[in-house]
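Student: Sequence below, structure please.
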Amino acid sequence: MDVSTLKRIEADPNYQKLVSERKSFGWTLAIITLVLYYGYIAIVAFAPQMIATKVWGDITIGIIMGVALILLSILLTGIYVLRANSQYDDLTRAIVNAAKIGGKK
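Tutor: Got it, this is the predicted structure:
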């Protein structure tokens, strides 16, 4: 790919929107994930008695929270994939089509 094609793609409003939205959404999900994980670790460190509370048999609040944390991470990944498959793929397709048309002059 030559430099003029790269500059044309970088100037494409769809490309700029794609980069901006992916970056913003990616950071939002990353921050949510970090808050959840570090929050769990903070509870383990500062309130171990709460996390050790038995709910049923040998199952504690800590185990339930740990499983919930894993499930929430999977959910957040699913949310990103859904958004990528709908909005980001459409934008990418538009960028590729514009690059193809621009390159055939």
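
Student: max-length helix in this protein?
Tutor: Across the chain, the longest stretch assigned as helix under DSSP state H is helix 13-46.

Student: Identify each buried residue in the next helix or strand after it, please.
Tutor: As assigned by DSSP states H and E, the chain's next helix or strand after helix 13-46 is helix 48-51. Within helix 48-51, the residues that count as buried by 16 or more other C-beta atoms under 10 Å are residue 51. All C-beta atoms are positioned from the backbone trio N, CA, C, and that covers glycine.

Student: Likewise for stretch 72-86?
Tutor: 76, 80.

Student: Now that stretch: average pLDDT?
Tutor: In this model, stretch 72-86 has an average pLDDT of 93.

Student: Can you give me the neighbour number for residue 29?
Tutor: Counted with other C-beta atoms under 10 Å, residues neighbouring residue 29 total 16.

Student: where in the protein is pLDDT low?
Tutor: Across the chain, the ranges flagged by pLDDT under 70 are 1, 102-105.

Student: 90 - rerun?
Tutor: Counting by pLDDT under 90, the chain contains low-confidence ranges at 1-16, 18-19, 21, 84-105.
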